[in-house]
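[1] need a structure here:
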Amino acid sequence: MGHGHDHARAAGGNRIRLAVALGITTAVLVAEVVGALVSDSLALLGDAGHMSSDAIGLGVALVASVVAARPATDRHTFGFQRMEVLGALVNGLILVVVAAVVSVEAVRRLAEPAVEVAALPMLVVAGVGLAANVVVFAVLRGGDRASLGMRGALLEVLGDMLGSIAAIVAAAVILLTGFAPADAIASLAIAALIVPRAVLLLRDVLRVLSESAPRDRDVAQIRDHLCGAPGVVAVHDVHIWNITSGAPVFTAHVVVEPGVFRRGETHALLDSLGGCLADHFDVAHSTFQLEPAGHADHEEHAHR
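    Numbers count the residues shown, from 1 in each chain. Sure thing, here's the model as predicted:
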């Protein structure tokens, strides 16, 4: 129960952080769009596009977090926790689209005569954007680091910070040297920052949606640990996956000595196995099927 309450408190705190970050990001997004139109800066527009993906991503993460808190039902037996992962999926796809659009426009500008850019407004707005991103990053960094939604938001804001720095450098170069293509080059750098983060986020989303074993859980180690419990002969049909980030679920068939059933020790063994997983591997939700030796030979489908 303690683990569940801790998770609920962390989720509530994350929702507050997301709401604060969304408010700040939206305000800066408007400022960057206006600044990009005034200065005709592609780098600033690219940073604004990235910022818009941040705003959408934060909004999606906030809505997903609220929906994920809804209780389980007979139809949705695990509740709506996976909404957080679907929100991270939308976030990752938005990042890819933003990177593609900015890259295409940057290449077009580099191939054509240089567009005159008003560097001073670009520099001021990019500086404001950087300051806001630092504040938002500080707000989100205190969140649950095990949350995919929060992690996606952190990655987006970190990329925005680097993107704002690229826009500031480009504006400074234009002011000092008059080299207008610096704006398009900076926008390409921003796109290059976006893509790897999007790929990493989508990879983790795919791992959850495909119900792969969590990267920080060693199935063989868990199986060996359970086999060392008194009365346990073997462990098979082991499955472990994440419902959402930081919420692993474990099931297994446990072959036990005949005496365990004869002495009525099954309840004590189940408590011991569940406690073992919770204490040593941080798995709060586990299900075990206890069976006598030879039972697995009668099962139609055998698994490891």
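
[2] Next up, the contacts around residue 215.
    Contact criterion CB atoms under 8 Å, 6 or more residues apart in numbering gives residue 207 as the residues in contact with residue 215. Bear in mind the C-beta positions are built from the backbone N, C-alpha and C, glycine included.

[3] Can you classify residue 288 as helix, strand or coil?
    Three-state secondary structure (criterion: DSSP: H, G, I helix; E, B strand; the rest coil) places residue 288 in strand.

[4] To clarify, my last question referred to residue 215.
    At residue 215, secondary structure determined by three-state DSSP is coil.

[5] Residues contacting stretch 130-141, please?
    Defining contact as CB under 8 Å, 6+ apart, one finds that stretch 130-141 is touched by 17-18, 20-21, 24-25, 27-28, 150, 153-154, 157-158, 160-161, 164-165, 168.

[6] can you pull the buried residues of that stretch?
    Residues of stretch 130-141 classed as buried: 130, 132-133, 135-137, 139-140 (neighbour count, 16 or more other CB atoms under 10 Å).

[7] Put together JSON lines for those, with secondary structure and pLDDT on each row.
    Supplementary listing: those in JSON lines, determined by DSSP: H, G, I helix; E, B strand; the rest coil; pLDDT from 0 to 100:
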{"residue": "130", "secondary structure": "helix", "pLDDT": "87"}
{"residue": "132", "secondary structure": "helix", "pLDDT": "85"}
{"residue": "133", "secondary structure": "helix", "pLDDT": "83"}
{"residue": "135", "secondary structure": "helix", "pLDDT": "86"}
{"residue": "136", "secondary structure": "helix", "pLDDT": "83"}
{"residue": "137", "secondary structure": "helix", "pLDDT": "83"}
{"residue": "139", "secondary structure": "helix", "pLDDT": "80"}
{"residue": "140", "secondary structure": "helix", "pLDDT": "77"}
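
[8] This structure: strands as residue ranges?
    Along the chain, the stretches classed as strands by DSSP state E are 232-242, 248-256, 285-292.

[9] Report all helices and strands that the first one contacts.
    So that's strand 232-242. Applying 3 or more CB pairs under 8 Å, 6 or more residues apart in numbering; DSSP states H and E, we find strand 232-242 packed against helix 182-209, helix 219-227, strand 248-256.

[10] which residues touch that strand?
    Residues beyond strand 232-242 that count as contacts (CB under 8 Å, 6+ apart) turn out to be 207-208, 211-214, 217, 219, 222-223, 226-227, 248-257, 269, 273, 283, 289, 293, 296, 302-304.

[11] got it, and the second one?
    Contacts made with strand 248-256 from outside it, assessed by CB under 8 Å, 6+ apart, are listed as 78, 214, 217, 222-223, 226, 231-243, 266, 269, 273, 277, 282-293, 295-296.

[12] and residue 105, how many residues sit next to it?
    Taking other CB atoms under 10 Å as the neighbour definition, residue 105 ends up with a count of 18.

[13] Against residue 99, how distant is it?
    Distance, residue 105 to residue 99, using CB to CB, to the nearest Å: 11 Å.

[14] close enough to count as contact, residue 54 and residue 154?
    No - counting by CB atoms under 8 Å, residue 54 stays clear of residue 154, with 10.6 Å between them.

[15] neighbour count winner among those two?
    Comparing residue 54 with residue 154 by neighbour count (other CB under 10 Å), the higher total belongs to residue 54, at 30 against 19.

[16] re earlier: separate out the buried members of the contacts of strand 248-256.
    Neighbour-count burial (16+ other CB under 10 Å) applied to the contacts of strand 248-256 gives 214, 217, 222-223, 226, 231-232, 235-238, 240-243, 269, 273, 277, 283-286, 288, 290-291.

[17] Mind splitting the protein into its structural domains?
    Here the domain parsing of the chain from automatic domain parsing is 2-209, 219-298.

[18] Any stretches of the stretch 51-200 of the chain with poor pLDDT?
    With pLDDT under 70 as the threshold, the stretch 51-200 of the chain has low-confidence stretches at 53, 68, 113-115, 142-153.

[19] just the helices in it please.
    83-111, 119-141, 148-177, 182-209 (DSSP state H, counting those that start in this stretch).
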